[in-house]
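Trainee: I would like the atomic coordinates for the input below:
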Amino acid sequence: MSEAVSATERVWTTGVAPGILPFLGNAIALFRRPLDFLETLPARGDLVELRLGPRRAWMVCDPDLVHRMLKDPRTFDKGGPLYDRLRGLMGDGLVTCPHHEYRRQRRLLQPAFSPARVARCTGVMGAEAASVAGSWRPGQRVDVTAAMVALTTGVTSRLLFSDSLDAGRAATVRDCLAVIVRGLFVRTVLPVDALFRLPTPANRRYRSAVSRLHTLVDAIIAERRSGAPRDDLLGTLLAATRADGERGAGPAAPPGPAEPLTEREVRDQLVTLLLTGVESTAMCLASVFGLLADHPEAERPLHEELDTVLDGRSLPGPEELTRLVHTRAVVTETLRLRPPGWLFTRLTTRETELGGHRLPRGATVLYSPYLLHHRDDAFPEPERFRPQRWLPGRAADGAGGAGGALLPFAAGSRKCIGDTFAMTEAVTAVAVIARRWRLRSPSGPVGRPRPAATLGPRSLVLVCAPRAHLPGRAPAPLDDAPQTGLPTGR
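Mentor: Now for the predicted structure:
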């Protein structure tokens, strides 16, 4: 370990009992100042050995090596501390299942995330964003993080459950996820099971949140079984549990026979999609508005584009979304600078070689999109918020990054199934909200958030300022949603 890293750890671990420090190793630095710690690692090599409690682990710092790992899921399977903890929450859903189970699950869910079906969701996305933006008033202080979680909860619940999440249940989902994402991070970087079996208040809150979320999802599944079929993702999953293995006849269901799902797998998929669909996109959106508040120079071309493309409409449809190139660039640059999924683990299934090093079977291998996105050899001035990097013809500004360093949705066969959905939802929400409001910080720069299981501001309070629109281009009322929403029965 370099002297610089050792000295940094001594500062970061002040106040921790000295006898436990050698045992916890790099986990303390990763827990106390995770982003600063990550930024020290590329100087130590392309593959850096760490110690996380009793485990040895290796952090991959080179984009090419990360791609090699992600494109070989047989050797580098889902596993390690993060996925060990996630399985207690999600079971073996699409995100956490081992390689041999993945193709079956992906084939089942993929039709719900096809480009055509995502395009049909823009009405729902716009309506939920309009509902949030329409509740604000000039000069109001708004917890933007909470508002974005409410927005993505609304979109995700309508995709998954139709009308099964009322206001009370949606609030339960939000409360549970807030506790879970805090608890998952510490369980990842301090993989010492005994610590989390102790009856501490934090451990009790975490276990209670997991139990409440599972209970709620189980109740929704039971209610749906006793009611009329609906064309949503829950309907697709329930159709896939038929004993003969035939898929349901709805438009969301994939054709042909296949091994049916178990009851437990239905719940696992719903919990997986709730966590990923709500939390990650909400953190991205909160980060967008925090960065725009700190960088008004990046906001001006965004507003000019929205006024031109939407031309008086408050809600974009699929055609307008293709023309919102600067809006998409703002979202992409946010995903580079503040990727919600910032740290992941894999587990080797056999002895292998990576970056000139031999890794044993069962080795924990980590990679961090945040680390890759902040390499100055991939992205010039990596700490600057520069959406213009991603405009057409601006590859010289770092678009794409050296060696494909931009990885907000992973890569390879296990690339995020919802990448197109998430980008469409984020661009739609930014367009609807920024068309109507400027959001400003009442207390100076927002700054960089501290990560939990996801990276993003946990409680971002901004002040609403109505936009001054161009003459003749006042925004249309917020209830003019295009009739292209997902047919979920709502």
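Trainee: Phi, psi for the residue most central in space within the chain please.
Mentor: Closest residue to the average C-alpha location of the chain: Ser280 at 2.4 Å, with CA atoms, centre = their mean. The phi/psi pair for Ser280 (degrees, to the nearest 10) reads phi -60, psi -50.
Trainee: got a list of what it touches?
Mentor: Pro340, Gly341, Ala422, Thr454 (CB atoms under 8 Å, 6 or more residues apart in numbering). From N, CA and C alone the C-beta is placed, and that goes for glycine too.
Trainee: Could you turn the buried ones of these into a PyMOL selection?
Mentor: A single PyMOL command suffices to select whichever of the contacts of Ser280 are buried according to 16 or more other CB atoms under 10 Å:
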select buried, resi 340+341+422+454
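Trainee: And the furthest pair within the contacts of Ser280?
Mentor: Using CB to CB, the two most remote members of those are Ala422 and Thr454, lying 12.5 Å apart.
Trainee: Name the residues that touch the one helix or strand Ala194 maps to?
Mentor: In this structure, Ala194 sits in helix 193-197 according to DSSP states H and E. Helix 193-197 has contacts (CB under 8 Å, 6+ apart) with Arg187, Asn203, Tyr206.
Trainee: Going by distance to His214, which of these wins?
Mentor: Of all these, His214 sits closest to Tyr206, with 12.9 Å by CB to CB.
Trainee: Let me know the secondary structure of that closest one.
Mentor: helix (DSSP: H, G, I helix; E, B strand; the rest coil).
Trainee: Give me the pLDDT for the residue nearest to it when sequence neighbours are not counted.
Mentor: Closest residue in space to Tyr206, ignoring its immediate chain neighbours: Gly183 at 3.7 Å, by CB to CB, 6 or more residues apart in numbering. According to the prediction, Gly183 has pLDDT 85.
Trainee: doesn't Ala202 make contact with Gly183?
Mentor: Yes. With contact defined as CB atoms under 8 Å, Gly183 counts as touching Ala202 (6.9 Å).
Trainee: Between the two, which is the more surrounded one?
Mentor: Between Gly183 and Ala202, counted using other CB atoms under 10 Å, Gly183 has the larger neighbour count: 22 against 13.
Trainee: Show me the shaky parts of this protein.
Mentor: Along the chain, segments meeting pLDDT under 70 span 1-25, 189-191, 242-258, 394-403, 468-490.
Trainee: the strands in it, which residues?
Mentor: Remark: strands assigned in the chain by DSSP state E are 47-52, 55-60, 76-78, 141-143, 344-348, 352-354, 357-359, 364-367, 437-440, 461-466.
Trainee: Which of those sits closest to Thr236?
Mentor: The nearest among these, by CB to CB, is strand 76-78 at 22.9 Å.
Trainee: didn't Gly154 look like it was pressed against Ser131?
Mentor: Yes. Using CB under 8 Å, Gly154 is in contact with Ser131, at 7.2 Å.
Trainee: circling back: switch the strands of the chain over to a markdown table; also include distance to Val66.
Mentor: Formatted as a markdown table, these follow (distance: least, CB to CB, whole Å):
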| stretch | distance to Val66 |
| --- | --- |
| strand 47-52 | 10 |
| strand 55-60 | 5 |
| strand 76-78 | 10 |
| strand 141-143 | 35 |
| strand 344-348 | 10 |
| strand 352-354 | 10 |
| strand 357-359 | 14 |
| strand 364-367 | 5 |
| strand 437-440 | 34 |
| strand 461-466 | 34 |
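Trainee: Nearest to Ala112, out of these?
Mentor: So among the strands of the chain, strand 76-78 is nearest, using CB to CB, at 21.0 Å.
Trainee: and the helix holding Ala194, how far out from the chain's middle?
Mentor: Offset of helix 193-197 from its chain centre (CA atoms, centre = their mean, to the nearest Å): 27 Å.
Trainee: What residues of it count as buried?
Mentor: Residues of helix 193-197 classed as buried by neighbour count (16+ other CB under 10 Å): Phe196.
Trainee: repeat for stretch 421-441
Mentor: For stretch 421-441, the neighbour count (16+ other CB under 10 Å) marks 421-439, 441 as buried.
Trainee: ditto for stretch 297-316
Mentor: Of the residues in stretch 297-316, 298-299, 301-303, 305-307, 309-310, 313-316 count as buried by neighbour count, 16+ other CB under 10 Å.
Trainee: How about stretch 355-375?
Mentor: Within stretch 355-375, the residues that count as buried by 16+ other CB under 10 Å are 355, 359, 363-375.
Trainee: ditto for stretch 230-240
Mentor: Using 16+ other CB under 10 Å as the test for burial, stretch 230-240 gives Arg230, Asp231, Asp232, Leu233, Leu234, Gly235, Thr236, Leu237, Leu238, Ala239, Ala240.
Trainee: can I get the CA coordinates of stretch 227-234 in CSV?
Mentor: Extracted in CSV, the C-alpha atoms of stretch 227-234 (Å, rounded to 0.1, in the frame of the first residue of the first chain):
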residue,chain,number,x,y,z
GLY,A,227,-58.9,-10.2,-9.5
ALA,A,228,-59.1,-9.6,-13.3
PRO,A,229,-56.0,-10.0,-15.4
ARG,A,230,-54.2,-6.8,-16.4
ASP,A,231,-51.6,-6.0,-19.1
ASP,A,232,-48.7,-5.0,-16.9
LEU,A,233,-45.5,-6.7,-15.8
LEU,A,234,-47.1,-8.3,-12.8
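Trainee: Would you pull up how far it lies from the middle of the chain?
Mentor: On CA atoms, centre = their mean, the centre of stretch 227-234 falls 26 Å from that of its chain.
Trainee: same check, this time on stretch 33-43
Mentor: Centroid displacement of stretch 33-43 relative to its chain, using CA atoms, centre = their mean, is 21 Å.
Trainee: circling back to that earlier point, which single one of the contacts of Ser280 is nearest to Glu259?
Mentor: Glu259 has its nearest neighbour among the contacts of Ser280 in Ala422, at 28.3 Å by CB to CB.
Trainee: OK, contacts around that closest one?
Mentor: Counting by CB under 8 Å, 6+ apart, Ala422 touches Gly277, Ser280, Thr281, Cys284, Phe409, Cys416.
Trainee: That one and Val288: what is the separation?
Mentor: Distance, Ala422 to Val288, by CB to CB, to the nearest Å: 13 Å.
Trainee: and the nearest residue to Arg414 once chain neighbours are set aside, how many neighbours does it have?
Mentor: Nearest non-adjacent residue to Arg414, counting by CB to CB, 6+ apart: Pro73, 5.6 Å away. If you count neighbours by other CB under 10 Å, Pro73 ends up with 18.
Trainee: For Pro73, list the residues it contacts.
Mentor: With contacts defined as CB under 8 Å, 6+ apart, the neighbours of Pro73 are His99, Tyr102, Gly412, Ser413, Arg414.
Trainee: Could you report the neighbour count for the third one?
Mentor: Okay, so that is Gly412. Neighbour tally, Gly412, other CB under 10 Å: 14.
Trainee: Contact partners for it?
Mentor: His67, Leu70, Lys71, Asp72, Pro73.
Trainee: Just the buried ones from those residues, in PyMOL syntax?
Mentor: Here is the PyMOL command that picks out the buried ones among the contacts of Gly412, judged by 16+ other CB under 10 Å:
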select buried, resi 67+70+72+73
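Trainee: Out of the contacts of Gly412, which is nearest to Arg141?
Mentor: Among those, and counting by CB to CB, the member closest to Arg141 is Leu70, at 41.6 Å.
Trainee: coming back round to it: report the two of the contacts of Ala422 separated the most.
Mentor: Within the contacts of Ala422, two members stand farthest from each other by CB to CB: Gly277 and Phe409, at 13.2 Å.
Trainee: Thanks a lot, see you next time.
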